[in-house]
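Asks: generate coordinates for the sequence data below:
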Amino acid sequence: MEQLVARWAHNPKVTGSSPVSATKSTVNNEKSVSYSAFSFDKEDKIKSNILDDSGAISGGSPKKKMPERKNSSYEVNVKTYTPPRLSQGKSWFIAFNSYDPVSSEMKRKRIYLNGIKSKRMRKDYADELIKRLNAELKCGWNPWIENKSEKSYHTLDEVADAYRRDIAKKLEEGYIREKTAKGYASMLKNLLTFNKERPRPITYIYQFNLEFCNGFIDHIWLDRGSSGTTRDNYLVWLRSFSSYLHSKQYIQADPTVSIKSLGKKKGKKQRTVISSDDMKLLKEYCENNNKHYLLACYIIYYCFIRPREMSYIKLDHISIKRGTIFIPDYSSKNKKDGIVTLPDKVLKLMLELDIFKYPSSYFLFGKNFTPSESRHSDKQLRDFWSYHVRRDLNFPKTYKFYSLKDTGITDLIRSNKDLLSVRDQARHYSLVMTDIYTPKDIMDANELIKCHSSNF
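Replies: I've put the predicted structure just below:
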């Protein structure tokens, strides 16, 4: 066998660069590698001169069949890749050759780096990536077998920047809400912080795997002490983020598919109707501290307009003549235009606050809840409730700003108003939804069923 391989190594019919001795291997981190039964031409493709099953060299002249050598300690050392090199020119890329078992030839793999603007950062990134690739190739990794995309070697920070741009574009085009975009950005920030605090942070996005995802979810739930609902909310986002990575070919499979959500906890939701006495305290507090916030409380209590919808109300959406408020489709929950009735009590407070002296293009609730040329987030409505109203009045945590909407619907039903009117004002899609708010203590027995009797 040794003689056969040695004769082949010096065969003048073999084209390309002069091969090395068959009994010696040359491994150099700076030079291409040529070993025993493989030689490479100028295009770095493997020759078809491989020993066939009969002991002859395919593609050459027939050779005498050699006897099998049993228990031989001799092994032909075959290297199936060339070390990665950095090419600097108009296009920067890292290139190396690796044996593709499907085509039975060496194929060149290129990883382009032009996405990194700074040449210095590009060089540092390339040096680090070459070290990583060398380690992976030495351990037997094959890019053609695992079929990793070039994008798999983008760093986590690079992918995070691309994801932020994607979210910003979706927000700009109206595909997601501002609250959703802020929530995604916050969760991404927490994920990056979690990674930096790990003993061995991941660098490249292909390292974003099941182990990492499980660790992050456990960190949110166990280390931070978040509720099960928060834990599941993070999981929903993580699945969305993984789906983005998979669709952009950063990862080959979604690692979150096997992570289960806890599901909804049995029991009532952590938001309750506000009692009549506490509603009186709230009114007195707002009259003494911020009457414009009292108007916001009136809007959600009497008109059942959601906080986000309130932040988009402009003065020209309010009709004094018809006594209505228009809710545009781009702010409503069901993405449809809506009209709600404006009660006289709410209109009277608007006139008292001289709301209509401002230009009609102004938003009703700007900074500090006064009319403003620019829109302000509905977060200010919830923050004032949490950091001032609830704290100063010592309200329980189950009293939330959104509780005013629940309380308003419940009180309207309790006042014996017909459910159809309540449904239309609340803009519910059916009476089933409206009936959820019906207080159990005012539900009377059905007289027809009460007087029912038979021969039984």
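Asks: buried set for stretch 135-148?
Replies: Going by neighbour count (16 or more other Cβ atoms under 10 Å), the buried part of stretch 135-148 is E136, L137, N142, P143, K148. Placement of C-beta: from N, CA and C, glycine included.
Asks: can I get it in PDB? Just the C-alpha atoms.
Replies: Extracted in PDB, the C-alpha atoms of stretch 135-148 (Å, rounded to 0.1, in the frame of the first residue of the first chain):
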ATOM      1  CA  ALA A 135     -11.200  25.000  16.100                       C
ATOM      2  CA  GLU A 136     -14.500  23.900  14.600                       C
ATOM      3  CA  LEU A 137     -12.800  22.300  11.500                       C
ATOM      4  CA  LYS A 138     -10.200  20.500  13.700                       C
ATOM      5  CA  CYS A 139     -13.100  19.000  15.700                       C
ATOM      6  CA  GLY A 140     -14.600  17.600  12.500                       C
ATOM      7  CA  TRP A 141     -17.200  20.300  11.600                       C
ATOM      8  CA  ASN A 142     -18.100  20.300   8.000                       C
ATOM      9  CA  PRO A 143     -20.000  23.300   6.500                       C
ATOM     10  CA  TRP A 144     -21.600  21.200   3.800                       C
ATOM     11  CA  ILE A 145     -22.900  18.500   6.100                       C
ATOM     12  CA  GLU A 146     -24.300  20.900   8.700                       C
ATOM     13  CA  ASN A 147     -25.400  23.300   6.000                       C
ATOM     14  CA  LYS A 148     -24.900  26.400   8.100                       C
END
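Asks: low pLDDT regions in the protein?
Replies: 1-79, 101-102, 145-150, 265-270, 416-424, 426-456 (pLDDT under 70).
Asks: ramachandran angles for the residue nearest to I327 when sequence neighbours are not counted?
Replies: Among residues not flanking I327 along the chain, G338 sits closest, at 4.0 Å (Cβ to Cβ, 6 or more residues apart in numbering). Main-chain torsions, G338, degrees, to the nearest 10: phi -140, psi 150.
Asks: so which of the buried residues of stretch 135-148 are in helices?
Replies: In helices, defined here by DSSP state H, the members of the buried residues of stretch 135-148 are E136, L137, P143.
Asks: mind listing what the residue lying closest to G408 once chain neighbours are set aside touches?
Replies: Spatial nearest neighbour of G408, excluding adjacent residues (Cβ to Cβ, 6+ apart): Y301 at 4.0 Å. Going by Cβ atoms under 8 Å, 6 or more residues apart in numbering, Y301 touches L404, K405, T407, G408.
Asks: rewinding a little: dump the buried residues of stretch 135-148 to a markdown table, plus distance to I111.
Replies: Output for these, formatted as a markdown table (distance: Cβ to Cβ, whole Å):
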| residue | distance to I111 |
| --- | --- |
| E136 | 12 |
| L137 | 13 |
| N142 | 15 |
| P143 | 9 |
| K148 | 10 |
